[in-house]
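> structure, please.
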Amino acid sequence: MDNKWYHQKQIALVQQEPVLFSGTIGENILYGVDKTGLTDADVENLLEEACRQANALVFIKDKQLFPLGFNTIVGERGLRLSGG
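Numbers count the residues shown, from 1 in each chain. The predicted structure follows:
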């Protein structure tokens, strides 16, 4: 077995604890995306498409859970989202 192929194509690291920054849900989703030249509508479309692909759009759009949607502040390390 080709060791290089095995490690590049077959093994991935999935951390048990997600990393969240203290900004909004939207900022965390688009962290690292260069938004220069994008309109607010473009950013909203990127957020919705990313969430649609992750099957999380309905969850984030739930106004009872997140009244501000993508603008909900997650707090340091996501503490404001913790369910226990």
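> is V43 within a helix or a strand, and which one?
If you go by DSSP states H and E, V43 is part of helix 40-53.
> and that helix, what does it pack against?
The contact analysis (3 or more CB pairs under 8 Å, 6 or more residues apart in numbering; DSSP states H and E) places helix 40-53 against helix 25-29, helix 57-60. Where you see a C-beta, it was placed from the backbone N, CA and C, and this is true even at glycine.
> determine which stretch of the ones you listed is the most buried.
helix 25-29 (a mean of 19; mean count of other CB atoms under 10 Å).
> rewinding a little: mind listing what's buried along the helix holding V43?
Applying a neighbour-count criterion of 16 or more other CB atoms under 10 Å, one finds 46-47, 51 buried in helix 40-53.
> and it, average pLDDT?
For helix 40-53, mean pLDDT rounds to 92.
> ok, residues contacting it?
Residues from elsewhere that reach helix 40-53 (CB atoms under 8 Å, 6 or more residues apart in numbering): 26, 29-30, 33, 35, 38, 57, 60, 70.
> as a markdown table, the residues you listed with distance to W5 would be great.
Shown next, in a markdown table, are these (distance: CB to CB, whole Å):
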| residue | distance to W5 |
| --- | --- |
| G26 | 37 |
| I29 | 32 |
| L30 | 32 |
| V33 | 30 |
| K35 | 36 |
| L38 | 37 |
| L57 | 35 |
| I60 | 37 |
| F70 | 39 |
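> how near is the residue nearest to the spatial centre of the chain to L46?
Nearest to the mean C-alpha position of the chain, by CA atoms, centre = their mean, lies I29 at 2.9 Å. Taking CB to CB, to the nearest Å as the measure, I29 falls 8 Å from L46.
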